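Novice: Here's my sequence, what's the structure:
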Amino acid sequence: MTPFKKAILFVHRWLGFISGLVVFIVSITGCLFCFQDEIQDALYNYRHVEVQNKPYIAPSLLKAEALKGRKGATASYIYYYGIDRPAGVLVSVPKQGLLYVYLNPYTGKIIHTESPATNFFIIVEYIHLYLLLPAKVGQMVVGVSVIVFIVLMITGIVLWWPKRKSDRKRSFTIKWGGRWRRVNYDLHNVLGFYATSIAIILAITGLSIAYDWVREGIYNAANLGKAYPEEKAVFKSDSTLIGKADTTQVIDKALLAARAGSPKAEMYLIYDDATKTGAIGVTAYAQTLHYYKSDSYSFDKYSGKLLNRTAHEQKSAGMKMNNMNYDVHVGQILGLPGKIIAFLASLICASLPVTGFIIWLGKRKKTKSKKVKTVVHRRTVRQHLPTEH
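Specialist: Predicted structure coming up:
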């Protein structure tokens, strides 16, 4: 092995020790989360409602129903997940925390209420993002480990890549008939190679969710450094009716306007800013539970005036890349095949720290065994050397 590869091996080994446990946890939770929508749809009846030939209940009525009997509670986010799915209101209750209140979008009847702390997949998501540590600490630990993991994947390719063309065919396949240590070695190297490109994409999109600087980097890179200041503008109310007008009905008008502007959208998210100088935002998503293609609207909270509309087609390449980030991260950008690819890549990533550790243990035992043999050999030789008189 050349001095360069020895240095790469040293870096690869010790970075693996440092990040291995976190990479394993993050990868396993990523596997579990890939199919969370499909699994929850199969397990929970409240995630589907019977389609009715009538319009949705107004968001102001859904909000009022969700807040009923919850003193001091507020609700800023309202979701219409689709014609055959419930509407959801995210409620913040003093001393109790957040609650997801699901309602029938045609009748306004509450069909399910749950705390995020009791949902298995939300707990899995928290582990994936923060390891159940305090958010800032957990995010830092996970973020650093993921960055280290990207370095590990690159150094792993450098170490594994065969020098001779004749070795490449053997290097791209797992020798299932070999001894278990050989199979383990192949599992680490061959599967690691095949998963590298997908794993790096999953890692970068994960970092983009966690860190603004990664998101900005992707945005700037996709836009080739060109600035689009209108995409970062924050729209605020300029109405003279601030503090005077009844804003209850404005949120209803905002949804109607968004539905008229994006009639083919399947899912709508309404953000009702709680501040006096804020606006009401509505995002119309092209497909239920997919977040890539969307049209964004901002309305004056007090007059209902449309402040801004940004259609998916008008967005810059950088904004589109950021919008598709979640769908890429969980694989659903390519539908079911994409989710399967993301699941398998995550599973391989989880296996790499384990197979790598086994390789290290095996080499360590070999080194000890060689040292013992050397000592025994020297003693034996000394015993048979002629003695001096």
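Novice: so how far is A87 from F121?
Specialist: With the distance defined as Cβ to Cβ, to the nearest Å, F121 ends up 20 Å from A87. Quick note: C-beta positions are derived from backbone N, CA and C, even for glycine.
Novice: Which one's more surrounded, these two?
Specialist: A87 (27 against 17; other Cβ atoms under 10 Å).
Novice: Contacts only, for the nearest residue to that one once chain neighbours are set aside.
Specialist: Among residues not flanking A87 along the chain, P105 sits closest, at 4.1 Å (Cβ to Cβ, 6 or more residues apart in numbering). Contact analysis of P105 by Cβ atoms under 8 Å, 6 or more residues apart in numbering lists 49, 56-57, 62, 80, 85-87.
Novice: Just the closest of these to Y297, please.
Specialist: Y80 (13.9 Å; Cβ to Cβ).
Novice: That closest one: what's it in contact with?
Specialist: Y80 touches 56, 59, 87, 105, 255, 267-268, 270, counting by Cβ under 8 Å, 6+ apart.
Novice: Out of those, grab the one that's most surrounded.
Specialist: Neighbour-wise, the contacts of Y80 (other Cβ under 10 Å) top out at A87, 27 neighbours.
Novice: quick one, what contacts that residue?
Specialist: Taking Cβ under 8 Å, 6+ apart, we find A87 in contact with 56-57, 59, 62, 78-81, 102-105.
Novice: remind me which residues of the chain are low pLDDT?
Specialist: 1, 164-170, 239-247, 274-277, 364-389 (pLDDT under 70).
Novice: Tell me where it has strands.
Specialist: Secondary structure of the chain by DSSP state E: the strands cover 74-80, 87-93, 97-103, 110-114, 267-272, 279-285, 294-300, 306-310.
Novice: Out of those strands, which is closest to G331?
Specialist: strand 279-285 (17.7 Å).
Novice: Identify the residues contacting that closest one?
Specialist: By Cβ under 8 Å, 6+ apart, strand 279-285 touches 235-237, 250-251, 254-255, 257-259, 261-262, 265-273, 291, 293-301, 307.
Novice: If any of those are buried, give me the PyMOL selection for them.
Specialist: To isolate the buried ones among those in PyMOL, judged by 16 or more other Cβ atoms under 10 Å, type:
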select buried, resi 235+237+250+251+254+255+257+258+259+262+265+266+267+268+269+270+271+272+291+293+294+295+296+297+298+299+300+301+307
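Novice: Now do the contacts for G331.
Specialist: Per Cβ under 8 Å, 6+ apart, neighbours of G331: 34, 338-343.
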